[in-house]
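Chemist: 3D, please:
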Amino acid sequence: MVRHAESENNASPPWQRVADPNITSLGRLQAEALGDWITGVGVDVLVTSPFRRALQTSERISAISPIKQMLVWHNVFERGGCYSRHSAAGIRSHPGLGRTSIQNVLPTAILDPSIGEDGWWSGCLKESDAEAKKRADSVINRMINSFGAGPTKVFAILHADLLKLMVGRMLFGVFELGIFGPFANAAVTKLDFDGRVWRLDWLNSISHLNPKLITGDRK
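Modeler: Sure thing, here's the model as predicted:
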């Protein structure tokens with residue numbers, strides 16, 4: 001499981017952030033480093049969030065490393081969903097990219113049927129923390145049901161808070177963001193599933209990144 005490459009939001013102060021940012025030029029270099037690394041280890045399936053920053057990370061990876069199958073899962077978005085806070089008065093929800101727009105970024109990917117032309121987050125309000133925890137459980141179960149305990153190597157492009165919720169649940173049975181430190185952009189967390197329990201091999205590994213490419217924990 002991998003945090004997406006650096007986005008324009010990661011590189012900007014909170015008041016300049018938008019609902020669905022692009023990755024930065026530094027983020028493209030991070031994604032290319034991931035592609036080089038994947039070429040060495042081999043991956044069977046790439047699962048990605050429908051957020052623009054995750055899709056663009058996946059696109060740069062696939063341009064460098066052959067991926068057998070690419071999947072866009074609706075439910076692996078960041079905690080809260082697609083929204084922005086334009087003022088202290090409230091939160092504005094955004095629809096996210098539609099089906100054709102996502103396919104333009106990743107032409108060979110298989111998209112969840114629930115992703116329509118009006119946007120993957122269209123009509124939805126900001127997700128509550130309770131809903132995010134329930135969804136993290138559903139993503140874990142979906143991974144188990146989809147890939148099981150076999151030899152399949154799955155590479156998932158996700159988001160910092162979702163990663164923390166999922167890893168805490170997988171390893172400790174709890175949902176607690178605070179038990180982990182910063183998750184760097186393009187950092188790799190590797191877990192194995194034996195059909196019963198999850199085993200952690202690496203947490204937040206950045207050994208594939210040049211030190212100049214390392215960026216931090218902002219969403």
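Chemist: For the residue nearest to R199 when sequence neighbours are not counted, pull up the helix or strand it's in.
Modeler: Leaving aside its sequence neighbours, R199 sits nearest to D192 (Cβ to Cβ, 6 or more residues apart in numbering; 4.8 Å). Bear in mind the C-beta positions are built from the backbone N, C-alpha and C, glycine included. Secondary structure assigned from DSSP states H and E places D192 in strand 188-193.
Chemist: Only the buried residues of that strand, if you could.
Modeler: Buried residues in strand 188-193, defined by neighbour count with 16 or more other Cβ atoms under 10 Å: V188, T189, L191, F193.
Chemist: With stretch 175-183 instead?
Modeler: F175, F180, F183.
Chemist: partners of the helix or strand containing R92 in the sheet?
Modeler: In this structure, R92 is located in strand 90-93 according to DSSP H and E. With DSSP bridges as the test, strand 90-93 is paired with strand 83-87 (antiparallel).
Chemist: quick one: low-confidence parts of this protein?
Modeler: Within the chain, the ranges that satisfy pLDDT under 70 run 86-89, 217-219.
Chemist: With only the CA atoms kept, save the lengthiest helix in the chain in CSV.
Modeler: Looking across the chain with DSSP state H, the single longest helix is helix 129-147. Taking C-alpha atoms only, helix 129-147 is exported to CSV below (Å, rounded to 0.1, in the frame of the first residue of the first chain):
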residue,chain,number,x,y,z
ASP,A,129,-15.1,9.7,10.8
ALA,A,130,-17.4,6.8,11.7
GLU,A,131,-18.2,6.3,8.1
ALA,A,132,-14.5,6.4,7.2
LYS,A,133,-13.7,3.6,9.7
LYS,A,134,-16.5,1.5,8.4
ARG,A,135,-15.3,2.0,4.8
ALA,A,136,-11.7,1.1,5.8
ASP,A,137,-13.0,-2.2,7.1
SER,A,138,-14.9,-2.7,3.8
VAL,A,139,-11.7,-2.0,1.8
ILE,A,140,-9.7,-4.6,3.8
ASN,A,141,-12.5,-7.2,3.3
ARG,A,142,-12.6,-6.3,-0.4
MET,A,143,-8.9,-6.9,-0.7
ILE,A,144,-9.2,-10.3,1.0
ASN,A,145,-12.2,-11.3,-1.1
SER,A,146,-10.6,-10.2,-4.3
PHE,A,147,-7.1,-11.5,-3.9
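Chemist: in the chain, which spans are strands?
Modeler: Taking DSSP state E, the strands of the chain run over residues 2-3, 45-48, 69-72, 83-87, 90-93, 110-111, 154-158, 188-193, 198-205.
Chemist: May I have the strand holding R92 as CSV, with CA atoms only?
Modeler: What follows is strand 90-93, C-alpha atoms only, in CSV (Å, rounded to 0.1, in the frame of the first residue of the first chain):
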residue,chain,number,x,y,z
GLY,A,90,-18.9,25.6,5.7
ILE,A,91,-17.6,22.8,3.4
ARG,A,92,-18.2,22.5,-0.3
SER,A,93,-18.6,19.0,-1.8
